[in-house]
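*Asks:* give the three-dimensional model of this entry:
(one chain, ligands or ions: 1)
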Amino acid sequence: MRLEDKVTIVTGSTSGMGLVEAEVLAKEGAKVVVVGRNEKALKEVTETIIKNGGEAIGIRADITTAAGVQELFDKVMSTYGRVDVLVNNAGVFDKYTKLLDTSDELWDSIFTINLKSIYWLTKLVLPQMIERQSGAIVNIASVAGLVAGKGGASYTASKHAVIGLTKHMSSEYARFGIKINAICPGTIVTPLIADSVDNIPKDLVPTRCFGQPEEVADLCVFLASDEAKFMNGSIIPIDGGYTIQ
Ligand SMILES: NC(=O)c1ccc[n+]([C@@H]2O[C@H](COP(=O)([O-])OP(=O)(O)OC[C@H]3O[C@@H](n4cnc5c(N)ncnc54)[C@H](O)[C@@H]3O)[C@@H](O)[C@H]2O)c1
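*Replies:* The predicted structure is shown next:
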């Protein structure tokens, strides 16, 4: 297995891409920490992983506050004593809200979940990775972090910022044996875009189809594994070719 015994936190893993990432990482041997807000969903996801022969624990956490993120990290450390892989997956969409229609509340909530949670959690996880000279961090950004038109003002700005933060961190911490990369999914069929998926034209995508969460999860496994040891600071679109046009 490619991730044997690697303690792996996946934020926002009770639905959509995060859920599938948690399942696929566990199939590759990772000890997965499923993170979410809903106790029932946490129980269901962890039970499914365990039933399928994997290892997982569910931790209920509020990643919109520094204290909530600290509590999450402390619980993982007291259970496993280390974090080998961090997948910063949790995110919220702004439903294409343009700048002039964006409220301060919307801006702040999008930036807190999409960016600040990564800043908080990565700051906690990195020192013990540096100490062990080993670790992998995968940030789930978006094609909205590369081009305009795939989100509104706050989503687009927050995902560009995730890419900027990924570049900064990967340039500073790779020397300690930590690889940090970002995945930029195009349209992937998940609950996040369930409201709008029928209105997104497929003819803007060269493959003429949308992606599935499993495809992103497979890329995540690769970036978390030792096979990707020379991958660092890569910003990888998985978008059917949307951003090449
Ligand atoms: N679906 C797409 O087309 C698409 C495309 C590009 C990028 N993304 C990104 O992929 C990631 C996963 O999105 P998804 O499509 O699976 O959506 P989703 O809505 O199914 O999942 C988002 C996850 O984030 C969690 N989350 C949201 N707010 C939270 C909060 N306050 N505290 C804790 N967790 C919170 C949710 O509980 C959920 O588990 C996001 O970062 C999203 O921006 C999605």
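*Asks:* spit out the contact partners of Val197.
*Replies:* Residues in contact with Val197 (Cβ atoms under 8 Å, 6 or more residues apart in numbering) are Thr187, Val189, Phe210. Any C-beta I mention is one placed from the backbone N, CA and C, and that applies to glycine too.
*Asks:* hmm, who's touching the longest helix belonging to the chain?
*Replies:* Secondary structure of the chain per DSSP state H: the longest helix is helix 153-173. Contacting residues not belonging to helix 153-173 are listed as 88, 93-94, 96-99, 102, 106-107, 110-111, 114-115, 118-119, 122, 126, 129-130, 137, 139, 141-142, 144-146, 148, 150-151, 179-182, 184, 232-233, 235 [Cβ under 8 Å, 6+ apart].
*Asks:* show me just the buried residues among the contacts of Val197.
*Replies:* Listed as buried from the contacts of Val197 are Thr187, Phe210; burial here means 16 or more other Cβ atoms under 10 Å.
*Asks:* looking at the contacts of Val197, which is nearest the ligand?
*Replies:* Closest approach to the ligand among the contacts of Val197 (Cβ to the nearest ligand atom): Thr187, at 4.7 Å.
*Asks:* measure the residue nearest the centre of the chain to the ligand for me?
*Replies:* Taking Cα atoms, centre = their mean, the centroid of the chain lies closest to Asn89, which sits 1.9 Å from it. Asn89 is 5 Å from the ligand, where distance means Cβ to the nearest ligand atom, to the nearest Å.
*Asks:* now for that residue: which residues touch it?
*Replies:* Per Cβ under 8 Å, 6+ apart, neighbours of Asn89: Val10, Thr11, Gly12, Ser13, Met17, Gly18, Glu21, Ile140.
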